[in-house]
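# When you get a sec, could you give me coordinates for this:
(one chain, ligands or ions: 2)
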Amino acid sequence: MTDVRSARTGGADYRPMTDGTLAPYLAGFSEVAAILGGAAQDWKVTEVGDGNLNLVFIVRGPRGSLIVKQALPYVRLVGDSWPLPLDRSFFESQALMIEDAAAPGLVPKVVLFDAMQALVVMEILTPHIIMRKGLIDGVEFPLFAATLSEFMAQSLFKTSDLYLPAAEKKRQMAVFCANTELCRITEDLVFTDPYRAAKLNRWTSPQLDDIALEFRADGPLKAAAQAMKLKFLSHAEALVHGDLHSGSIMATSTDVRVIDPEFAFFGPMGFDVGALIGNLILAYLSQIGHEDKKGGRDAYRAWILRQITDVWTLFSARFVELWSTEGKGDAFTAELFTDAASRAALAEEQARYMRALFEDTLGFAGCKMIRRILGLAHVADFESISDKDLRASGERRALRLGRDLVVNRTRFADIEAVAAAVVAADATR
Ligand code: SR1
Ligand code: MG
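Residues are numbered from 1 along each chain as shown. Ligands and ions are numbered 1, 2, ... in the order given. You can find the predicted model right below:
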């Protein structure tokens with residue numbers, strides 16, 4: 001892993017790339033030129049970024065194609081009134097490499113990190129689509145649950161104290177501790193702003209004015225959301241992706257990959273699992289706006305619901321399996337658990353740990369759902385519904401269920417109970 005001190009991103013020579021300037025710049029990197037083939041004048045560059053933060057280019061050469069992601073010095077969604085450090089490209093490239101080592105083949109390969117221009121050159125994923133788009137269009141991804149559960153189990157377990165020696169975990173943590181600005185975005189936008197009159201908040205208005213106001217006065221909800229925020233701030237359990245929603249997944253019917261870990265830091269594992277499940281629930285509750293007739297998406301709803309239960313069930317089983325077979329970290333020192341009675345006690349402790357992780361997952365899932373409806377950054381699942389009344393009806397159900405998940409996260413018996421709550425919430429449509 002690169003030392004953060006040698007990875008000063010940006011500087012006097014930094015400039016945002018354009019379709020015209022990127023190819024000549026990349027020509028200076030032999031590893032990039034070798035993949036693209038030909039010379040700079042043969043490369044076709046297209047800016048395709050539609051995310052909240054960065055420039056994203058596809059570069060096509062006679063031999064191959066690549067993706068280039070360049071950080072902008074501000075939040076693209078808002079403009080240059082909101083400056084943002086360029087070093088998020090460093091954290092993204094580092095996280096991609098750690099994730100690839102933990103879960104090989106489940107993230108795009110990094111070809112180059114260039115600190116001066118804050119850009120990451122990586123493998124192009126084609127013909128993959130952003131999973132959120134697929135969820136809106138009713139596309140099933142057969143490998144989704146198996147891949148995401150494997151990705152989360154491997155990347156979270158293998159960066160935790162259950163697997164790493166304490167000194168190595170602390171070394172990795174020290175690097176990602178510097179990703180403070182991106183963490184700050186999450187601290188504000190996910191855990192705080194939806195519960196106060198923040199300037200950048202927005203919601204479907206006037207339909208949701210009442211519930212936006214109600215949530216700002218909801219003491220139990222605000223206290224529970226702040227309890228989740230405290231976990232986010234202080235539980236450095238593992239290297240979390242930090243923004244693991246359906247827009248950070250690219251998939252086909254035969255391949256699923258995780259992209260965009262620029263928010264990565266050492267935080268609570270449930271933040272990733274909760275982001276994923278919360279976004280699947282949003283996808284489920286937004287189907288009302290995407291079906292051609294009432295009930296037209298029922299089979300697809302059932303598919304999403306299965307992904308919610310499968311992803312948790314497969315993830316938790318795989319995580320415990322890794323712990324039991326590769327638990328060589330400084331936590332739960334393996335030599336203490338060689339006899340049958342000790343192993344049984346360890347299994348009980350593992351069950352307690354997974355229960356706590358489940359409750360964290362639900363709390364974070366609820367926070368993520370609420371922020372996407374009352375905060376600054378929304379999701380296309382709902383935003384693409386042009387009938388505002390219909391959109392707001394689904395958003396309201398999501399807000400109520402999100403609140404339930406945050407406030408009552410300890411009361412859900414298991415993931416099937418969560419699935420039942422999703423179905424019950426949607427039954428009011
Ligand atoms: C200002 S950035 C808004 C959101 O975009 C990213 O996808 C993260 O979710 C962030 O919170
Ligand atoms: Mg992103």
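# tell me the pLDDT at R8?
pLDDT, R8: 58.
# What of S384?
S384 is given a pLDDT of 98.
# Check the burial of it by counting its neighbours.
Neighbourhood size, S384 [other Cβ atoms under 10 Å]: 14. Every residue, glycine included, has its C-beta placed from N, CA and C.
# what's it in contact with, if anything?
I136, G289, H290 (Cβ atoms under 8 Å, 6 or more residues apart in numbering).
# you'd agree the first one is up against D381?
So that's I136. Yes - under the criterion of Cβ atoms under 8 Å, I136 makes contact with D381 at 6.0 Å.
# More neighbours: those two, which one.
D381 (29 against 22).
# Could you give the secondary structure assignment for that one?
helix (DSSP: H, G, I helix; E, B strand; the rest coil).
# Spatially, and excluding backbone neighbours, which residue is closest to it.
S286 (3.9 Å; Cβ to Cβ, 6 or more residues apart in numbering).
# so that neighbour touches H378, yeah?
No - the criterion here is Cβ under 8 Å, and S286 misses it with H378 at 11.0 Å.
# the more surrounded of those two?
Using other Cβ under 10 Å as the criterion, S286 and H378 rank with S286 on top: 26 against 17.
# Phi first, then psi, for that one.
phi -90, psi 0 (degrees, to the nearest 10).
# Same question for the one 4 residues further on.
Main-chain torsions, H290, degrees, to the nearest 10: phi -120, psi 0.
# Distance check, it against ligand 1.
21 Å (Cβ to the nearest ligand atom, to the nearest Å).
# same check, this time on G20
27 Å.
# that older thread, now, among the contacts of S384, which is nearest to R352?
I136 (38.5 Å; Cβ to Cβ).
# Please identify the buried residues of whatever helix or strand that closest one lives in?
Element membership of I136, judged by DSSP states H and E, is helix 131-137. Of the residues in helix 131-137, M131, R132, K133, G134, L135, I136 count as buried by neighbour count, 16 or more other Cβ atoms under 10 Å.
# In the sheet, which residues pair with the closest residue to L55 other than its chain neighbours? Tell me.
Excluding its sequence neighbours, the residue lying closest to L55 (Cβ to Cβ, 6+ apart) is Q70, at 4.5 Å. The partner list for Q70 in beta bridges (DSSP bridges) reads L55, L119.
# Isn't Q70 up against R15?
No - the pair Q70 / R15 is not scored as a contact, 9.7 Å apart, by Cβ under 8 Å.
# between these two, what contacts are shared?
Contacts common to Q70 and R15, judged by Cβ under 8 Å, 6+ apart, are Q117.
# neighbour-wise, which of those two wins?
Neighbours were counted for Q70 and for R15 using other Cβ under 10 Å; Q70 has more, 23 against 12.
# quick one: contacts for the most centrally placed residue in the chain?
Relative to the mean C-alpha position of the chain, the nearest C-alpha, by Cα atoms, centre = their mean, is the one of L244, at 1.1 Å. Residues in contact with L244 (Cβ under 8 Å, 6+ apart) are M152, V258, D272, A275, L276.
# Closest to ligand 1 out of those?
Nearest to ligand 1 among the contacts of L244, counting by Cβ to the nearest ligand atom, is A275 at 8.5 Å.
# Could you list the residues of this structure in contact with ligand 1?
Counting by Cβ under 6 Å from any ligand atom, the residues of the chain lying close to ligand 1 are N52, L53, V75, L77, I185, T186, L189, D243, A377.
# Against F315, how distant is the residue in the stretch 301-429 of the chain that ligand 1 sits nearest to?
Distances between the stretch 301-429 of the chain and ligand 1 by Cβ to the nearest ligand atom are smallest at A377, namely 3.7 Å. As for A377, its distance to F315 is 25 Å (criterion: Cβ to Cβ, to the nearest Å).
# V68 against V121, yeah?
Yes - V68 is within contact range of V121, at 5.2 Å (criterion: Cβ under 8 Å).
# list the residues that contact both of these two?
L26.
# any idea how far A299 is from the residue nearest to D381?
16 Å.
# again with T18
Counting by Cβ to Cβ - T18 and A299 are separated by 45 Å.
# domain parsing for this structure?
Split into domains by automatic domain parsing, the chain comes to 4-123, 129-427.
# Go through these and pick out the most buried.
Neighbour counts (mean count of other Cβ atoms under 10 Å) averaged over each of the domains of the chain peak at domain 129-427, with a mean of 19.
# picking that back up, the helix or strand following the helix holding I136 - what's its average pLDDT?
Moving toward the C-terminus from helix 131-137, the next helix or strand (DSSP H and E) is helix 144-157. Average pLDDT, helix 144-157: 99.
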